[in-house]
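*Asks:* sequence first, then the predicted structure:
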Amino acid sequence: MRDEVTPRASPVTQSAFVSGSANTVVQANGDVRLVVARPVRVPGRRPVKWWRWVAVVAAVAVEAAAGFGWAFGPFGGVEVFGDPRTADPCALVRPAALGGFGRTELDPAYGGFHRCDVIIDPGGGAARVDVEVRFTDSRPEEGATAARRVGAVDVVAWPEESDSCERALRLPGDGRPVVVVRADYADERGTAPLCEIADVAADTAAGVLDRAHASGGRVARRPAFPSGSLAHLDACALLDAGALTAAVPGIDVARPRVGFGRWECGWHGAVDDVEVELRFDRSSPLDAGDGRPTRLAGRAAFVTPGYDGEGSCTVRAVHRSDPGRHGRLTELVQLSVRGSGADGDRPVCDLATTLAEAAVTALPEA
């Protein structure tokens, strides 16, 4: 049985595909549509890390790098993506293209609302690979070593690291949104050809974007989120100036760093170099192995020192839980505090818990 990721259906010609694969097609109305087969279950879900992309200040260095500046062209990402909150990242994914690396499974809810993942199981006991395709409004960090073009879309490459390989798709126009393709290990490290995998996924995504542009269309719309989902909320609105300055005096409340879809928001303390980041995430249900259990405003929460690096503390509070393809799927409000001044007069986890409770208190009923 096939699941149609976009609600509209129009006559199209589909390629044959097997379980765990997907095809992207451009419809007559210009939307790119993804049809996937129901995949087999792959147990387990790893925590999704962030703090991996730098703030806007790094964009200056990227644009100044010789040979890798943002090439402006005849169309902009905004036109191709449309409303960012309804653009479907899974429309850029074709698991069948990754089938040469092992058995594939599409997971549209492996982490935040801005991403779609394919889990590759090479078999024979080899480590599974997670291929993540995500939208971001930030521009890539420094260190790019190569760039090539797929149609009208630039694909920027970074050297392979021991446990990951990353590509970025640059859309002409103002260069944003950016599509990031990252291949890393879903569980323990292995010996998979991560950059080969990332290149295949990046070329596939770039091809979908280019075809949408050429047809005058846009990326397909995603299925509607449930009415009580965090996807309908603005992360920046959950912490007001009073709550932020009471916890971190001198924090810059006037210039938050706003993430894609407004599903992530960050603030920087100009005095003590404290970073506060609030984001929405999805995960399998958490337990004491994920952090110290507590309750905030009547909601279950988990406190984890060092979750986002040395000296950091992260609090994840449960908003709602629904059936998912791997059992229950939980939506989380994730609040992290980090920085050299975060462990000054107050322990960093005390700061994070105080701010997380303020954010959770501002939530509507699930």
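*Replies:* Structure's in. What do you need? Numbers count the residues shown, from 1 in each chain.
*Asks:* tell me how far residue 320 lies from residue 124.
*Replies:* As judged by C-beta to C-beta, to the nearest Å, residue 320 and residue 124 stand 39 Å apart. Placement of C-beta: from N, CA and C, glycine included.
*Asks:* out of those two, which sits in the busier spot?
*Replies:* Ranked by neighbour count (other C-beta atoms under 10 Å), residue 320 and residue 124 place residue 320 first, with 16 against 6.
*Asks:* if you skip the residues just before and after it, what's nearest to that one?
*Replies:* Take residue 320 and drop its neighbours on the chain: the residue closest to it by C-beta to C-beta, 6 or more residues apart in numbering is residue 366, 3.7 Å away.
*Asks:* could you measure from residue 253 over to residue 315?
*Replies:* Going from residue 253 to residue 315 by C-beta to C-beta gives 20 Å.
*Asks:* cool, residue 239 as well?
*Replies:* Residue 239 sits 13 Å away from residue 315, taking C-beta to C-beta as the criterion.
*Asks:* quick one on the thing from earlier: who's more crowded, residue 253 and residue 315?
*Replies:* Neighbours were counted for residue 253 and for residue 315 using other C-beta under 10 Å; residue 315 has more, 30 against 16.
*Asks:* mind listing the strands for the stretch 151-300 of the chain?
*Replies:* All strands of the stretch 151-300 of the chain, identified by DSSP state E, counting those that start in this stretch, fall at 153-157, 164-170, 178-185, 257-258, 264-268, 274-283, 292-296, 299-305.
*Asks:* on that earlier part again, name the residues contacting each of residue 239 and residue 315.
*Replies:* Shared contacts of residue 239 and residue 315 (C-beta atoms under 8 Å, 6 or more residues apart in numbering): residue 355.
*Asks:* count of neighbours near the residue nearest to residue 339 when sequence neighbours are not counted?
*Replies:* Closest residue to residue 339 apart from its sequence neighbours, by C-beta to C-beta, 6+ apart: residue 274 at 4.2 Å. Each residue near residue 274 was counted by other C-beta under 10 Å, and the total is 24.
*Asks:* one more: residue 83?
*Replies:* Applying other C-beta under 10 Å, we find 10 residues neighbouring residue 83.
*Asks:* residue 351 now?
*Replies:* Look at residue 351: counted by other C-beta under 10 Å, it has 22 neighbours.
*Asks:* surely it is within a strand?
*Replies:* No - counting by DSSP: H, G, I helix; E, B strand; the rest coil, residue 351 is not found in a strand; it is helix.
*Asks:* thought it was touching residue 246?
*Replies:* No - with contact defined as C-beta atoms under 8 Å, residue 351 does not reach residue 246; the gap is 10.4 Å.
*Asks:* and the residue nearest to residue 320, what is it in contact with?
*Replies:* So residue 366 contacts 228, 319-320, 331 (C-beta under 8 Å, 6+ apart).
*Asks:* I'd like to know how far the spatially closest residue to residue 357 that is not a sequence neighbour sits from residue 361.
*Replies:* With sequence-adjacent residues excluded and distances taken as C-beta to C-beta, 6+ apart, residue 357 is closest to residue 296, at 4.4 Å. Counting by C-beta to C-beta, the gap from residue 296 to residue 361 is 8 Å.
*Asks:* again with residue 336
*Replies:* 18 Å.
*Asks:* now swap in residue 133 and tell me
*Replies:* From residue 133 across to residue 361, the span is 34 Å (C-beta to C-beta).
*Asks:* so for these two, which sits in the more crowded spot?
*Replies:* Higher neighbour count among residue 133 and residue 361: residue 133, with 24 against 13, using other C-beta under 10 Å.
*Asks:* if the more buried one is in a bridge, with which residues?
*Replies:* Under DSSP bridges, the beta-bridge partners of residue 133 are residue 116, residue 181.
*Asks:* contacts only, for it.
*Replies:* Applying C-beta under 8 Å, 6+ apart, the residues near residue 133 are 89-90, 92-93, 115-118, 179-181, 201, 205.
*Asks:* switch the cut-off to 6 Å
*Replies:* Residue 133 makes contacts with 89, 92-93, 116, 181, 205, as judged by C-beta atoms under 6 Å, 6 or more residues apart in numbering.
*Asks:* residue 358 contacts residue 243, correct?
*Replies:* Yes - taking C-beta atoms under 6 Å as the definition, residue 358 is a contact partner of residue 243 at 4.0 Å.
*Asks:* more crowded one of these two?
*Replies:* More crowded of residue 358 and residue 243, by other C-beta under 10 Å: residue 358, with 21 against 18.
*Asks:* cheers, nothing more for now.
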